[in-house]
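Trainee: 3D model of this:
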Amino acid sequence: MEELCKRGVINSIVFHNDENGYTIARVEGNGERFTAVGSLPGAQAGMSFEFFGHWTTHPNYGEQFAFMEYREVIPEKKDDIEIFLASGAIRGVGPKTAKAIVDQFGDETLKVMENDPGQLLRVEGIGRKKQKIISASFAEHREFAAVVLDFQQYGIAPASAMRLYREYGSAAVDAVKENPYRIIDDVFGIGFKTADAIAMKMGIEANSAYRIQASIAYILRRCTLDGHTFLPKQELIEKAVALLDVTGDEIEDGIFALTLAGDVNTAVLEGMDTVFLSVFYLAERSVCVDLIRLGTADLKTITADTDGLIRATETASGVELSDKQKEAVKESLYSGVFVITGGPGTGKTTIINAIMDIFAHCGFRTVIAAPTGRAAKRITETSGHPASTIHRLLEYTYSEDDEDMSFGRNAENRLECDAVIIDEASMIDVLLMKALAEAIPDGARLIIVGDADQLPPVGAGNVLRDMLDSEKLPFAHLTEIFRQARESMIVVNAHRIDKGEYPSFNGEDTDFYMLRRSGDQNIMRTVVNLCVNRLPAHFEHFDVLRDIQVLTPVKKGILGNINLNKELQRAINPPSNTRSEKIFGERIFREGDKVMQIRNNYMLKWVNDGDFSEGEGVFNGDMGYIEYIDDDLGTVSVVYDDTKHVVYETDRLDELEHAYAVTVHKSQGSEFPAVVIPVFGVAPTLATRNLIYTAITRGKKLVVLVGSEERLRGMIDNDRRKERHSALKFLLRDGYGVF
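Mentor: I've put the predicted structure just below:
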């Protein structure tokens, strides 16, 4: 098929996927109009390109020009330059600023911006700060265009080129030539197949040791995304053979070489040969060693009568503890490590409060923390004791030089405390647990609290479940639902579901409902109507944005959170002349939107308008609201926890997504006054009992299920928990001897 070159200016973007850059654009040039389709990251209306590709015919949309490569064309005429600058491609330049710049410099505008950017100060409305932003953005734009062009000779798609440029800047091409496999580690979203294709183009042999070792490391990294900290050796070999089409002996040699280099570790766990990435091997081992250290250390003595202390806290709080709760409190007082687990309404918070009161009476220095800011805030509200995130407790720091996170509190500088209480422990992965455990001083008590029947952590490891399954640590499993909690059908039904029983709903004065609907479209319309109309009208104290949360099992599809967010945004926060917008790929961010940070960013700066404090770090799962969008600078300002303000530059907007609807996994550690949960057909790996259990237990005052009762029963019947390969339970069983 003959390759053609088409040149033109983008009139409009019909579709753009910011994850892979795939774009459908209306283009006009040389007296013709056509639709161009292909990967075009960062494209905006008004930008000019040369497209290299061929004509295709879409069954629904007709003739299109499918391009594989492109080259940006910088406009030369005044009118075209103004369109380009006004497109949003350059930070700090909106339509008004674009006109002012072009009126000043005419056809020479882009030459001035490239060769003498200080001249921009002559334009009215551009000060030194804005001039620096515009100049830096224009330079980045030109640099990126050159990098994309260089990468095309190696078949690197523009979307991948964009990620590589973000990582390496102008040195991107040289960095990839030096070691194409390094980009797997360095660049989020680029996997082995992309790096391998580049390496093949650069002449690396199919059975080279370099390639085989890279594939082994890649497979082990991929398995951590599914929560595993290791793979059985035979499973790893089979996966690598299938990926590379080489022999098992060659993979064995690669594992041996990586072991000698210290990149991986092998171990035998209860007769099973296993292979770890070293970071996870060391983390699992470190957690085991520290738990044993804490569990066997001499503890600070409690001299007062324990029963008397419990009676005193009961009198002060007005809450009488059950025998099981009293037993849990006593054991926690005399154990170096103690685990408390149980479902909703079983009194975990009551026990925490009693323990905190007793420790305070004894003069103990006690700290309490949780994995997320929302969970920590809830602890503070329910207990009256100040709680923090585990990251803040450990005084995390981030080094921009080596792009790594570290903690000020560690094995060399441990916490100054006598007791540590951690809530919502089901969310703790092994790397965070390593950092926490090693920072706790000898003789301090560690009390771990959580619901082991909820979904496991997003990160690798299965700390809470492994601690219990090891049967080596003292624990209390709470099962009794207390009187006040029994009045809530949310609590009652959660326990029924956890035992494999079907819930009751739609009773008189209940807080648990199911609206039976069939068909994804019908379910979606009902969900939107509930959030926008029915719930706020019936429950006047519910705020549609802050109190009602939609939880769904999946991201994609009609009832995935991506589409639900579009529908809910359209209904709750529609376009308005009074609210600015920022288009980023397929998303339209609008002032007033509910949003979520979707990955940890330890560098993002925030300012607290309550006490005027400043800090850094916004974390995966943090929810906030867009308060202001700067049209010229292209920045989006988000407020978290009502007082913490964060400004996102355009290149950071991929860390934000709308949060009118979130996945159940993202909701862990949170509670919402009301949750609405669509129940529909999803993959068996997601249609599980612990997923629906986790979703339901996020609701504090109201739970509404919408969809198929048959599907709901199928989820409850499916008690298949996805097996995680994690080592902590084995290590705890064998003490120090395994490694």
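
Trainee: contacts and neighbour counts: CA atoms only from here.
Mentor: OK.

Trainee: which residues sit against the one helix or strand Ile677 maps to?
Mentor: For Ile677, the element it lies in under DSSP states H and E is strand 672-679. Contacts to strand 672-679, defined as CA atoms under 8 Å, 6 or more residues apart in numbering, come from residues 523-524, 527, 531, 542, 547-552, 559, 695-696, 698-709, 711-712.

Trainee: hmm, which of the residues you listed are the buried ones?
Mentor: 523-524, 527, 531, 542, 547-552, 559, 695-696, 698-709, 712 (16 or more other CA atoms under 10 Å).

Trainee: residues in contact with Gly318?
Mentor: Gly318 touches nothing, counting by CA under 8 Å, 6+ apart.

Trainee: next one: phi and psi at it?
Mentor: phi 80, psi 10 (degrees, to the nearest 10).

Trainee: any idea how far Ser332 is from it?
Mentor: Plainly put, Gly318 is 21 Å away from Ser332 if you go by CA to CA, to the nearest Å.

Trainee: Quick check: what element follows the longest helix seen in the chain along the chain?
Mentor: Secondary structure of the chain per DSSP state H: the longest helix is helix 128-151. Remark: after helix 128-151, the chain's next helix or strand is helix 158-168, criterion DSSP H and E.

Trainee: All the helices of the stretch 401-550 of the chain, in order from the start?
Mentor: 430-438, 463-469, 483-486, 489-498, 520-529, 535-538 (DSSP state H, counting those that start in this stretch).

Trainee: CSV please, covering those and showing mean pLDDT and distance to Asp103.
Mentor: Listed next are those as CSV, based on pLDDT from 0 to 100; distance: least, CA to CA, whole Å:
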stretch, mean pLDDT, distance to Asp103
helix 430-438, 96, 56
helix 463-469, 95, 63
helix 483-486, 62, 69
helix 489-498, 93, 64
helix 520-529, 97, 48
helix 535-538, 91, 51
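
Trainee: how about these, which one is nearest Lys130?
Mentor: With CA to CA as the criterion, Lys130 lies closest to helix 430-438 of these, at 40.2 Å.

Trainee: That closest one packs against which elements?
Mentor: Other helices and strands packing on helix 430-438, by 3 or more CA pairs under 8 Å, 6 or more residues apart in numbering; DSSP states H and E, are helix 278-296.

Trainee: Same question for the very next helix or strand once past the helix it packs on: list its buried residues.
Mentor: Per DSSP H and E, helix 278-296 leads on to helix 306-317 as the next helix or strand towards the C-terminus. Neighbour-count burial for helix 306-317, counted by 16+ other CA under 10 Å, picks out 309-313.

Trainee: do the same with stretch 611-618
Mentor: Here stretch 611-618 shows 617-618 as buried, counting by 16+ other CA under 10 Å.

Trainee: With stretch 23-42 instead?
Mentor: 23-29, 34-42.

Trainee: repeat for stretch 360-369
Mentor: For stretch 360-369, by 16+ other CA under 10 Å, it's 364, 366-369.

Trainee: same thing with stretch 73-93?
Mentor: In stretch 73-93, counting by 16+ other CA under 10 Å, buried: 75, 78, 80-93.

Trainee: swap in stretch 125-138?
Mentor: Buried residues in stretch 125-138 (16+ other CA under 10 Å): 126, 130-132, 134-138.

Trainee: Mind putting the residues you listed into CSV with distance to Ala328?
Mentor: Converted to CSV, the buried residues of stretch 125-138 look like this (distance: CA to CA, whole Å):
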residue, distance to Ala328
Ile126, 65
Lys130, 60
Gln131, 63
Lys132, 61
Ile134, 61
Ser135, 63
Ala136, 60
Ser137, 59
Phe138, 63
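
Trainee: tell me which of those residues is nearest to Thr382?
Mentor: Among the buried residues of stretch 125-138, and counting by CA to CA, the member closest to Thr382 is Lys130, at 46.1 Å.

Trainee: got a list of what that closest one touches?
Mentor: Gly92.

Trainee: Roughly how far does it sit from Ala136?
Mentor: Counting by CA to CA, the gap from Lys130 to Ala136 is 10 Å.

Trainee: Quick one: low-confidence residue ranges for the protein.
Mentor: Residues of the chain that meet the criterion pLDDT under 70 lie in 1-2, 18-20, 155, 157-159, 188-189, 398-405, 483-486, 722, 736-739.

Trainee: change it to 50
Mentor: 402, 736-739 (pLDDT under 50).

Trainee: Show me where the stretch 601-739 of the chain has its helices.
Mentor: In the stretch 601-739 of the chain, the helices defined using DSSP H, counting those that start in this stretch lie at 689-696, 709-717, 728-734.

Trainee: In CSV, list the C-alpha atoms belonging to the shortest one.
Mentor: Same thing as helix 728-734. C-alpha atoms of helix 728-734 as CSV (Å, rounded to 0.1, in the frame of the first residue of the first chain):
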residue,chain,number,x,y,z
LEU,A,728,5.1,-13.4,55.3
LYS,A,729,3.0,-16.3,56.7
PHE,A,730,5.7,-18.8,55.8
LEU,A,731,8.4,-16.7,57.3
LEU,A,732,6.5,-16.2,60.6
ARG,A,733,5.9,-19.9,60.9
ASP,A,734,9.6,-20.7,60.6
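
Trainee: what does it rub up against?
Mentor: Contacts of helix 728-734 (CA under 8 Å, 6+ apart): 269-270, 284-285, 287-288, 292, 463, 466-472, 737-738.
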